[in-house]
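Q: Curious how this folds, go ahead:
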Amino acid sequence: MSATGRALRRAKGFLGKFVNREVLADRVDGIRKAASGIARGTILEYIALSLIVVIALSVRLMPIRWGYYLNEFDPYLQWRMAQYTVDHGFLAWFQWHDTMSWYPYGADMPTWNLYGEAFVVAAIVMLLRSLGVAVAVFDVAMFFPVVAGTITVLVAYFLGKDFWGKGAGLLTALFLALNPSSIGRTQLGFLRHEPLGILLMLLIFLFFRRSTIPNSSTRRTVIYSTLTGLSLYYLAAEWAGSLFPLDLIPLYVVVIVLMGRYSKKLLLSYSLSMGIFLLFTPLLVPKLGYGSLTDITWLAVVAGEVVLLGREASAHIEGTRLRLYSLGGLLPRQPPPLRCSRT
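A: Purely as a prediction, here's the structure:
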C-alpha cells in the first residue's frame, strides 16, 4: 500500500470515531428533539422572513443584467473617496484638498462632502484584506448598496414587530423589500447616500423605541440611547437626510408629553441620545461644524429638551407644594391670645 493510501486509511480510522452511523443518528435525533421544542408559528415566521430576505436580495441584484458598473455620477465620487481612504487612511481624508474637482482651484473635501458612506466601504475593504480576501474597492462599492438594502429590510421587520407584533413586522419587511423607491435607491451599483442612510434612519427609530420601553432596565435604556445618539451622529456624517429623524424625534417627544405619557425614562433616553449627537457631530463632521448649532432644525433638539425638563420640573414643584400643604396641615395651630374684657 502506498504512503497516500496508508494516510487516508489512518484518517478514515480517526474520523470514524466522530463520523459514523451511530454518531450521525444521535445528531439527527438531537436536532429533531430541539426542533420539536420550537413553536410551529415561530418556524413559519423564520421561513417567511428568510423568503422575504431572498426576494429583497434578488430584486436588488437584477441590474447586473445590463452590466457591472456604478450607477449615476455620485457613486463614482463615493468610490473615489473610498479608494483614497484605503490608500491614505481615514485621518488623511480630513486634510484632503481634491485638485480633480472644481477645476482649477480644487475643493476642500472635508468641508465640501460627507464621509460616512465612503468610510464604511473603505472599512469593509480593509477588514476583508486583513482576513486574506483580495478584494477591490470597486467590487465592494458595487455590492454594498445591495447588502445595505437587504439589512434594512431585516431592521424594518424588527421595527414593525416591536410596535405591532410579528405579523406587522413581516408585512413591513415585505413592503420594503418590494418597494420601488427602496429598490431604486439600494440596487446594484447605486453607491449614493441612501443605502446606508435609510438603514441608519430605521436603526435610529428602532433604538430609540427600545430605549423608552417602560419596563426595561436603566442599563438597557442607556445602551439603546447611546446607540441612538451614535447612529444619529453617523447619519449626519453620511447624509443630509439626517434632518428628518433629528426633527421627528423632538416632535414625538413633545406629542408624548402633551398626551400625558411622560416618564423619567423618556427624559433619560432623549437627553443621552441628543447629548451624544450634539457632542460628536459638530466636532467630527467638518461640513456641518459648530455653526449648525444655531440652525433652526437643530434648535428643535433643544426645544424638545426644554419641554421634557419643564415637565419634570413641574412634577417636582407640584410635589413640593403638596408636601408643604400637608406639613402645614399637621402643624399645631397657636391658640388666639386671651383678651381681658372691661367690666
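
Q: Show me what stretch 182-189 is in contact with.
A: 59-64, 68-71, 75, 141-143, 145-146, 148-150, 152, 176, 190, 192, 194-195, 198 (Cβ atoms under 8 Å, 6 or more residues apart in numbering). Every C-beta, even on glycine, is put in place using the N, C-alpha and C of the backbone.

Q: okay, now residue 272: neighbour count?
A: 18 (other Cβ atoms under 10 Å).

Q: surely it meets residue 227?
A: No. Counting by Cβ atoms under 8 Å, residue 272 does not reach residue 227; the two are 10.3 Å apart.

Q: Quick check: closest non-adjacent residue to residue 177.
A: residue 56 (3.7 Å; Cβ to Cβ, 6 or more residues apart in numbering).

Q: which element is that neighbour on?
A: Per DSSP states H and E, residue 56 falls inside helix 40-61.

Q: State the mean pLDDT of that helix.
A: Helix 40-61 shows a mean pLDDT of 92.

Q: Enumerate every residue touching the residue nearest to residue 177.
A: 149, 150, 153, 173, 176, 177, 178.

Q: From those, list the buried ones, please.
A: Among the contacts of residue 56, the ones that count as buried by 16 or more other Cβ atoms under 10 Å are 149, 150, 153, 173, 176, 177.

Q: Restricted to helices, list the residues you listed.
A: Using DSSP state H, the members of the buried ones among the contacts of residue 56 that fall within helices are 149, 150, 153, 173, 176, 177.

Q: is it true that the first one touches residue 197?
A: To tie it back to what came earlier, the one meant is residue 149. No. Here residue 149 does not reach residue 197: they are 11.3 Å apart, not a contact under Cβ under 8 Å.

Q: picking that back up, tell me the buried residues in the helix holding residue 56?
A: 45, 48, 49, 52, 53, 55, 56, 59, 60.

Q: Stretch 128-141 too?
A: Quick answer for stretch 128-141 (16+ other Cβ under 10 Å): 137, 138, 140, 141.

Q: For the residue nearest to the spatial centre of the chain, give me phi and psi.
A: Centroid-nearest residue in the chain, with Cα atoms, centre = their mean: residue 203, separated by 2.9 Å. Backbone torsions for residue 203, taken as degrees, to the nearest 10, come to phi -60, psi -40.

Q: Just flag the most distant two among the buried ones among the contacts of residue 56.
A: Comparing every pair within the buried ones among the contacts of residue 56 by Cβ to Cβ identifies 149 and 173 as the most remote, at 11.9 Å.

Q: Against residue 68, how distant is the residue nearest to residue 57 when sequence neighbours are not counted?
A: Spatially, and ignoring its direct neighbours in sequence, residue 57 is nearest to residue 150 (4.9 Å; Cβ to Cβ, 6+ apart). Plainly put, residue 150 is 19 Å away from residue 68 if you go by Cβ to Cβ, to the nearest Å.

Q: now residue 101, nearest residue through space, not along the chain?
A: That would be residue 107: by Cβ to Cβ, 6+ apart, it lies 4.3 Å from residue 101.

Q: ah, wrong one, I meant residue 274
A: Residue 274 sits nearest to residue 301 (Cβ to Cβ, 6+ apart), 5.0 Å away.
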